[in-house]
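# Whatever this is, show me its structure:
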Amino acid sequence: MTIQRYLLIVILSVVVLATFSAALQGFKASNNKLTDVFDQEMQSIAYTLKNSPMALSTEPVDTHSAFAFQIWQRGILLSRSVNAPESLISSEVNGFGYKSFLGNRWRYYSMIEDEIHVIVAQPVSQRIESIEEVLLQAVLPIVYVIPLIGVLIYLAIRKSLQPLRDLSAQVKQKHASDLSPIAVHANTSDLVPIETTINGLLTRLCAAFEREKTLASNAAHELRTPISVLKLNSHNIKVAFEAGDIQAHHLEELEKNTDRMAHVIEQVIALNRTTPENFQAKKEQVNLESLLQEVIANNYTLIEEQQQSISLNTEQIYLIADKFSLETLFDNLVKNAIKYSGITSEISISAQRFDESVVCVVEDSGCGMTDEQMEKAFQRFYRAKQHEQTGSGLGLSIVSHIVQLHQGQIALSHSVLGGLKVAITLPIKEKVAYGSN
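So this is what the prediction gives:
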């Protein structure tokens, strides 16, 4: 059942039920009110008959009305109406009551004054007919209006649900490949959250598909080179083996290219883990100082091999973040600094809090990047050509993506040490949920 039909049935049912409930209450109220009116009328007739000159009459009086009366004096019937019996209707002194005679049910009023006993009666059926007539005149217009009310309700519901039908039609007409936003043109605030949520979902899906398409294409391209090199290494080792001249450089070259392929694969996996769709909202309070100390400790062997010096200047700073993602972020920055700054270089890491944000800076004394290279540094698989070191070109792309996930900012510039300076600004507390790429 559609919402429109359901609402129409429910509202019309309520209207009809309310109408008949009002009719029932009106019947009860009309019954009480008309009973009082008719009783007062019988009292007035009784007093009029009692005070009218009356002589003994053997012929009944035709009153041309439904009222019946009897006038008694000392047990003698002085007069009666044609619709009244010859016997005493009621011996009650004063008051109202009910009596059956002449095949009808009557309500009577009995009054005795100055030895004159007057009884006035009215058929109960006449009272009921009068009440029904009054109620019918009051309710009948409402009954006639109910179909009009139904039409107006139908039109109102149809117009109110038109934006919902438009939204439903747009969703139904979408193909699997159509991820364009939907638009509700009607001025209704109820559908704005739905429209916003659906469009946000479509935007994220479109971005995710584009990322996956780009990632798959680029990863295939990037893996093709190390695979070709590994094949070449394998061929060279085979030739050397057949010649009985396998040397250490053959194995070193094989190990180097194997490490390169492993690094590319690890970076692709890390980038996939930090997509908005897979980003775990398990935010926690992270001690940034302890995290940076842990990252430096994990990379200290590489630092010693390159005879480099590293310094950390910070204090205990706590922020709400995803610890795993932050570890990946700073690990990439430190590894890049170790790899590209060169032997005996200097690496500096600092973190400082400013109001509701923290600024983290990683810089080195290497050769750095040109302004043109900085502009392209966050593109996936981009590598600066002048560097002797080989990499996957995903490190800074992963760093930038994690910063976006945490609602932060990242900037590259020239360091006073002579190399590259990476400044990252992160909010201390989470602002809003990440909604787009």
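# Now do Ser21 against Ala121, distance only.
34 Å (C-beta to C-beta, to the nearest Å). No exception for glycine: its C-beta is placed from N, CA and C like everyone else's.
# out of these two, which sits in the busier spot?
Neighbours per residue, other C-beta atoms under 10 Å: of Ser21 and Ala121, the larger number sits with Ala121, 28 against 10.
# Please confirm that that one is located within a strand.
Yes: under DSSP: H, G, I helix; E, B strand; the rest coil, Ala121 sits within a strand.
# CA atoms only for stretch 84-93, dumped as PDB, please.
Only the C-alpha atoms of stretch 84-93 are listed here, as PDB (Å, rounded to 0.1, in the frame of the first residue of the first chain):
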ATOM      1  CA  ALA A  84     -56.700   9.900  26.000                       C
ATOM      2  CA  PRO A  85     -58.200   6.800  27.700                       C
ATOM      3  CA  GLU A  86     -61.300   7.100  29.900                       C
ATOM      4  CA  SER A  87     -59.500   5.500  32.800                       C
ATOM      5  CA  LEU A  88     -57.100   7.500  35.000                       C
ATOM      6  CA  ILE A  89     -53.700   7.600  33.300                       C
ATOM      7  CA  SER A  90     -51.800   8.100  36.600                       C
ATOM      8  CA  SER A  91     -52.700   8.500  40.200                       C
ATOM      9  CA  GLU A  92     -49.400  10.300  40.900                       C
ATOM     10  CA  VAL A  93     -49.900  13.600  42.700                       C
END
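# Only the buried residues of that stretch, if you could.
Ala84, Ile89, Ser90, Glu92 (16 or more other C-beta atoms under 10 Å).
# So which of the residues you listed sit within helices?
Here DSSP state H is the test, and these give no hits in helices at all.
# Pull the most distant pair out of those.
Ala84 and Glu92 (15.7 Å; C-beta to C-beta).
# next helix or strand past the lowest-mean-pLDDT helix or strand in the chain?
One helix or strand of the chain scores below all others by mean pLDDT, DSSP states H and E: helix 248-273, with a mean of 70. In the C-terminal direction, the helix or strand that comes right after helix 248-273 (DSSP states H and E) is strand 284-287.
# Contacts for the very next helix or strand once past that following strand, please.
Downstream of strand 284-287, the next assigned helix or strand under DSSP H and E is helix 288-298. Helix 288-298 is contacted from outside by 303, 310, 312, 314-319, 323, 326-327, 330-331, 334, 349, 351, 358, 360, using C-beta atoms under 8 Å, 6 or more residues apart in numbering.
# tally of neighbours for Leu50?
Heads up, residue 50 is Lys, not Leu. So Lys50, with other C-beta under 10 Å, has 16 neighbours.
# wait, what's in contact with the nearest residue to it once chain neighbours are set aside?
Sequence neighbours aside, Val118 is the residue nearest to Lys50 in space, at 4.8 Å (criterion: C-beta to C-beta, 6 or more residues apart in numbering). Going by C-beta under 8 Å, 6+ apart, Val118 touches Ala46, Leu49, Lys50, Phe69, Gln70, Ile71, Trp72, Ser110, Met111, Ile112.
# pLDDT at Tyr340, what is it?
pLDDT recorded at Tyr340 is 86.
# pLDDT of stretch 109-125, averaged?
Regarding stretch 109-125, the rounded mean pLDDT is 89.
# go on, stretch 143-158?
Averaging pLDDT along stretch 143-158 yields 83.
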